[in-house]
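Peer 1: sharing a model that was predicted from the sequence below.
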2 protein chains.
Amino acid sequence: MSASNRRVLLKSRPQGEPTPANFDLVEAPIPEPKEGEYLSRTIWLSLDPYMRGRMSEARGYASNVELGDPMVGGTVGQVVKSRNPGFKEGDFVVEQSGWQSYAVSTGAGVTKLDPNAAPLSAALSVLGMPGMTAWWGLMQIGKPKAGETVVVSAASGAVGSVVGQLARLHGCRAVGIAGGKAKCDYVVKELGFDACVDYRAAGKDLFRELRAAAPKGIDVYFENVGGAVQAAVLPQLNDFARVPLCGLVSQYNEMQMSPGPDWRLLLVRRVTVQGFIVSDHFGEMEGFRKEVPPAVKAGRIKYREDIVQGLENAPEAFIGLLKGRNFGKLLVQVSDDPTRK
Amino acid sequence: MSASNRRVLLKSRPQGEPTPANFDLVEAPIPEPKEGEYLSRTIWLSLDPYMRGRMSEARGYASNVELGDPMVGGTVGQVVKSRNPGFKEGDFVVEQSGWQSYAVSTGAGVTKLDPNAAPLSAALSVLGMPGMTAWWGLMQIGKPKAGETVVVSAASGAVGSVVGQLARLHGCRAVGIAGGKAKCDYVVKELGFDACVDYRAAGKDLFRELRAAAPKGIDVYFENVGGAVQAAVLPQLNDFARVPLCGLVSQYNEMQMSPGPDWRLLLVRRVTVQGFIVSDHFGEMEGFRKEVPPAVKAGRIKYREDIVQGLENAPEAFIGLLKGRNFGKLLVQVSDDPTRK
């Protein structure tokens, strides 16, 4: 056990794109659990685009991070000291410890992990929040029907990869949009999507390449990115298309409002657009639990992790995430995972 | 019976705003019904904003009007000659005869009207397509809950007036947006809305006046107009707001796509926007028939008609409709209504 608690604090609010100067890496004493609490050592920290919103003062989903506070984030940890009868030393837990190497918790909202069921880190990707996001948005808003075409942006990412594979399992044509040949190859060859369009290579031909990949038009567009990709997708929506609006990562660093599409398109084609946040729906995951973990176990849903070593590298990794530099679910390994060889 | 069939044909497609030169008033022989058909005399012609779309070549809801063909439209008529055993001389019918004083029909898609149940013209407003539009959009997309705030644009119109009255009947705060003091007074004093904002008088204060009228924010925005009104409404949507997207009349004459709102607003507040067209849902009107006609009969839902005399005045009336010049459901009286004194 290290002698101190390393923490990444929000030092200043970004103006546009975050920079390393917005973060502060500090060392603090390891906290002592009070009666009813436990202390955990963080093993895995999840980095996700939503964190950009938490760095702002602007009205967002949830209370934003205060200056001087640690950045928030989902984590997997191991209990190292406990004064809570529900948690014993050695237990693995999924919690919201944020960007720090130790944290105390009362156990509220915490789930224990069986280390034999799946790799610990999967609780932060396909079996956790990103997987639930993919499942809920696709199934509850997208409502894919066999034979339809489902397009998903950020297709090699933690959410997009699950969306496309679920769409295939439900008999749909799955078309990904991703940045770069390596990601597109992965999406088609490893994950089994029917097609993938490289938006970086396509440039101004994005509309046309997408048309070729989705020749019958688009019935479901799972939106993760916004911007130019969205502009190429929306005119290709079919009548009665559904758009689960999950993220707009290409716009998160914009200081000004940027215009969206003309609503006449949504009207004439009778499109449904629904913004959602998975945390509103954690109580509606029975279908997820029935479908996704067994499919992962059976190899019908695959996932990929992009692992960065060391909490000190979290800011740079996060800045890259907003630019699509990661390839797979971005995780920071904060300390040793005793279940991995 | 007149000696000829007066018809208004689409002469040319409008570039932007329609003008009288886009229409052609012609006289043609009265058609003869074939075996299985009947001939009807048009009494009432409904003028509705959707007709602007039918004048364009642009991809729209339905097959657009061909040059030289009569303009389409819902009508109430009376059978004057029949070779169809289902229809006899004197029957009143709701049909789609378009902008002409006589038409033959096989009876497909036609409903017979009981002249004692309600005024004939109500079949084109509160008891017909506009009433169904209001009910379906509000109840099936808006899903108003008692205590919520429902805002509707074009509030004194055929659709908006029913939306607000239904919202009140379901225990909501109903706030209208309309152009001019007379319409706003009508909406509040006659229809019983809780408040109405005059967007013309408000000008740049529209946002602030709407805030005063909807102090708890907006849970349902029934969208009929788009443009500047929409821009004032959307930032005031509450989390989980629903937006039945019924029309964008302020944008119908625009030749270029006009930008919509930044989707970050829809994402962060988890808003649902759904474009719809009532004709997709004519088979789902059981709830409408249970709720609206009895409420109209009991005086709990009121309606107002703006009647223009003579088919020759239809083009000008329609051009005015797109500018909000009508006050109530716009109807053209094409010929005598024997049930009206």
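Peer 2: Yes, it's here. Numbering: from 1, shown residues only, chains lettered A, B, ... in the order given.

Peer 1: OK, contacts around the residue in the stretch 101-250 of chain A positioned nearest to chain B?
Peer 2: Residue of the stretch 101-250 of chain A nearest chain B, by CB to the nearest CB: residue A:245 (5.3 Å). Using the backbone N, CA and C atoms, a C-beta is placed for each residue, glycine as well. Each residue near residue A:245 by CB atoms under 8 Å, 6 or more residues apart in numbering or on different chains is listed here: A:223, A:273, A:274, A:275, A:276, B:263, B:266, B:267.

Peer 1: next, format the residues you listed as CSV and append pLDDT and neighbour count.
Peer 2: Shown next, in CSV, are the contacts of residue A:245 (pLDDT from 0 to 100; neighbours: other CB atoms under 10 Å in any protein chain shown):
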residue, pLDDT, neighbour count
A:223, 98, 27
A:273, 98, 28
A:274, 98, 23
A:275, 98, 28
A:276, 98, 21
B:263, 95, 25
B:266, 96, 26
B:267, 95, 25
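
Peer 1: now distance to residue B:295 too, for those, in a markdown table please.
Peer 2: Below are the contacts of residue A:245 laid out as a markdown table (distance: CB to CB, whole Å):
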| residue | distance to residue B:295 |
| --- | --- |
| A:223 | 39 |
| A:273 | 32 |
| A:274 | 30 |
| A:275 | 33 |
| A:276 | 34 |
| B:263 | 37 |
| B:266 | 33 |
| B:267 | 37 |
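
Peer 1: go through those and flag which are in strands.
Peer 2: A:273, A:274, A:275 (DSSP state E).

Peer 1: what sits up against the helix or strand harbouring residue A:292?
Peer 2: Assigned by DSSP states H and E, residue A:292 falls within helix A:286-297. Here helix A:286-297 makes contact (CB under 8 Å, 6+ apart) with A:118, A:122, A:126-127, A:131-132, A:135-136, A:139, A:162, A:165-166, A:169, A:301-303.

Peer 1: between which two of those is the distance greatest?
Peer 2: A:118 and A:139 (21.1 Å; CB to CB).

Peer 1: tell me the mean pLDDT for stretch A:108-123?
Peer 2: For stretch A:108-123, the mean pLDDT works out to 95.

Peer 1: ugh, wrong one, I meant stretch A:240-250
Peer 2: 95.

Peer 1: show me where chain A has helices.
Peer 2: A:51-54, A:129-136, A:160-169, A:181-185, A:199-202, A:206-213, A:227-233, A:263-268, A:286-297, A:314-321 (DSSP state H).

Peer 1: so which of the ones you listed is nearest residue B:257?
Peer 2: helix A:263-268 (7.4 Å).

Peer 1: contacts for that closest one next, please.
Peer 2: A:234-235, A:237, A:271, A:273, B:53, B:59-61, B:223, B:226, B:230, B:245-248, B:251, B:257, B:260, B:273, B:275.

Peer 1: and the residue of the stretch 151-300 of chain A that's closest to chain B?
Peer 2: Counting by CB to the nearest CB, the stretch 151-300 of chain A gets nearest chain B through residue A:259, at 3.0 Å.

Peer 1: which residue packs closest to that residue, ignoring adjacent ones?
Peer 2: Sequence neighbours aside, residue B:259 is the residue nearest to residue A:259 in space, at 3.0 Å (criterion: CB to CB, 6 or more residues apart in numbering or on different chains).

Peer 1: check residue A:171 too.
Peer 2: Nearest to residue A:171 is residue A:146, by CB to CB, 6+ apart, at 3.1 Å.

Peer 1: can you report how many residues lie near the one you found?
Peer 2: Neighbours of residue A:146 under the rule other CB atoms under 10 Å in any protein chain shown: 8.

Peer 1: next one: residue A:140
Peer 2: When neighbours are defined as other CB under 10 Å, residue A:140 has 15 of them.

Peer 1: what residues are up against it?
Peer 2: Neighbours of residue A:140 in contact, by CB under 8 Å, 6+ apart: A:281, A:284.

Peer 1: do the one 5 residues further on as well
Peer 2: By CB under 8 Å, 6+ apart, the residues touching residue A:145 are A:170, A:171, A:172, A:219.

Peer 1: burial of the second one, as a residue count?
Peer 2: For residue A:171, the tally of surrounding residues (other CB under 10 Å) stands at 11.

Peer 1: how about it, what does it touch?
Peer 2: Going by CB under 8 Å, 6+ apart, residue A:171 touches A:144, A:145, A:146, A:147.

Peer 1: out of the residues you listed, which two sit at the greatest distance?
Peer 2: Largest separation among the contacts of residue A:171 by CB to CB: A:144 and A:147, giving 9.4 Å.

Peer 1: quick check: neighbours shared by those two?
Peer 2: Joint contacts of residue A:144 and residue A:147 (CB under 8 Å, 6+ apart) are A:171, A:172.

Peer 1: neighbour count for the two, which is higher?
Peer 2: residue A:144 (24 against 11).

Peer 1: so the more buried one sits against residue A:170, correct?
Peer 2: Yes. If you go by CB atoms under 8 Å, residue A:144 and residue A:170 touch, sitting 5.0 Å apart.

Peer 1: so residue A:55 makes contact with residue A:17?
Peer 2: No. Counting by CB under 8 Å, residue A:55 does not reach residue A:17; the two are 11.0 Å apart.

Peer 1: looking at the two, which is more packed in?
Peer 2: Per other CB under 10 Å, whichever of residue A:55 and residue A:17 has more neighbours is residue A:55, with 22 against 14.

Peer 1: quick one on the thing from earlier: most tightly packed of the helices of chain A?
Peer 2: Greatest average neighbour count among the helices of chain A goes to helix A:160-169 (a mean of 27), per mean count of other CB atoms under 10 Å in any protein chain shown.

Peer 1: quick one: that one to helix A:129-136, angle?
Peer 2: Note on geometry: by axes from the mean of the first three to the mean of the last three CA atoms, to 10 degrees, helix A:160-169 and helix A:129-136 are set 30 degrees apart in direction.

Peer 1: quick one: the strands in the stretch 1-150 of chain A, in order.
Peer 2: Taking DSSP state E, counting those that start in this stretch to define them, one finds strands in the stretch 1-150 of chain A at A:5-10, A:23-28, A:38-46, A:75-82, A:92-95, A:102-105, A:111-113, A:149-153.

Peer 1: list the residues that contact the most centrally placed residue in chain A.
Peer 2: When CA atoms, centre = their mean is applied to chain A, the residue found nearest the centroid is residue A:130 (4.4 Å). With contact set as CB under 8 Å, 6+ apart, residue A:130 has these partners: A:48, A:124, A:157, A:158, A:159, A:162, A:329.

Peer 1: of these, which is the most crowded?
Peer 2: residue A:157 (33 neighbours).

Peer 1: OK, contacts around it?
Peer 2: Residues near residue A:157 by CB under 8 Å, 6+ apart: A:130, A:224, A:326, A:328, A:329.

Peer 1: from the contacts of residue A:245, which is closest to residue A:39?
Peer 2: Using CB to CB, the contacts of residue A:245 come closest to residue A:39 at residue A:276, 34.4 Å.

Peer 1: what is the neighbour count of residue A:217?
Peer 2: Counted with other CB under 10 Å, residues neighbouring residue A:217 total 16.

Peer 1: how is chain A divided into domains?
Peer 2: In terms of domains, chain A is parsed into A:5-121+A:305-333, A:129-297 (source: automatic domain parsing).

Peer 1: need the winner for burial among those domains.
Peer 2: domain A:129-297 (a mean of 21).

Peer 1: which residues touch residue A:146?
Peer 2: Contacts for residue A:146 (CB under 8 Å, 6+ apart) come out as A:170, A:171, A:172.

Peer 1: phi and psi next, for it.
Peer 2: phi -50, psi 140 (degrees, to the nearest 10).

Peer 1: got it, and the one 10 residues further on?
Peer 2: Backbone torsions of residue A:156, given as degrees, to the nearest 10, read phi -90, psi 0.

Peer 1: for it, give me the pLDDT.
Peer 2: On the pLDDT scale, residue A:156 is placed at 96.
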